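K.L.:
sequence unavailable; structure follows:
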């Protein structure tokens, strides 16, 4: 069975700082990878996803993530954060074959100080 | 725009009560999912369904059951609510796996069992 680790539980940054949130997964086969975001009081929504091809994936709101197969990682990055990026971020993994369930990490709460 | 709606945003029930949480999606998606979200634990899959009248256990099915009589509706049932089922419950739907696969989430139901 697959699993996902997000080691940063709470990250606090000032506006304009650069962001990198870690995500590592455990699974023996090919995977699809996702980052979801939950803004305060809002639905969980997709930020970006990786299925195949270019390992550097660009998402909404200036976010990007890089899939490094050798490290089983899919870290989320943003060069300059804004106060509106304050939210909870979840990494998720799904096997490329078989059932279509997602396994989520425990989430990282991001607080941006104006 | 995909819409996933949940019957209640907030619900308060007593221990031992039977609780029904309803989820409806309007995009003719085959897959539907129920998660619970708890601080520090992320999202954990309770049950999912690939088709009408079809269900599969997720990672934490104990104490829950589900029903899918129509394609657009997926119900989560707590047969006898307990205080440890106090949580945020999220419903999601998705099309079958393909390159633009993603899960679409509802707003959540915050259930308190007293």
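P.N.:
Received it, and whenever you're ready, just let me know what you need. Quick caveat, the model's predicted, so the values are computed rather than measured. Numbers count the residues shown, from 1 in each chain, chains lettered A, B, ... in the order given.

K.L.:
okay, and the spatially most central residue of chain B sits in which element?
P.N.:
Most central in chain B under CA atoms, centre = their mean is residue B:34, positioned 2.7 Å from the mean C-alpha point. Take DSSP states H and E as the rule and residue B:34 turns out to sit in strand B:31-38.

K.L.:
again with residue B:48
P.N.:
Using DSSP H and E, residue B:48 falls in strand B:42-49.

K.L.:
what of residue A:32?
P.N.:
Here residue A:32 is assigned to strand A:31-38, by DSSP H and E.

K.L.:
in contact with the most centrally placed residue in chain A, which residues?
P.N.:
With distances taken as CA atoms, centre = their mean, the residue of chain A nearest its centroid is residue A:35 (3.4 Å). Contact partners of residue A:35, counting by CB atoms under 8 Å, 6 or more residues apart in numbering or on different chains, are A:23, A:46-49, A:59, A:63, A:65, A:74, A:76, A:89-92. Every C-beta, even on glycine, is put in place using the N, C-alpha and C of the backbone.

K.L.:
now the residues you listed in a markdown table, with pLDDT and neighbour count?
P.N.:
Shown next, in a markdown table, are those (pLDDT from 0 to 100; neighbours: other CB atoms under 10 Å in any protein chain shown):
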| residue | pLDDT | neighbour count |
| --- | --- | --- |
| A:23 | 97 | 26 |
| A:46 | 94 | 16 |
| A:47 | 96 | 21 |
| A:48 | 95 | 20 |
| A:49 | 93 | 20 |
| A:59 | 94 | 18 |
| A:63 | 97 | 21 |
| A:65 | 98 | 26 |
| A:74 | 97 | 28 |
| A:76 | 98 | 24 |
| A:89 | 98 | 23 |
| A:90 | 97 | 25 |
| A:91 | 97 | 29 |
| A:92 | 95 | 27 |
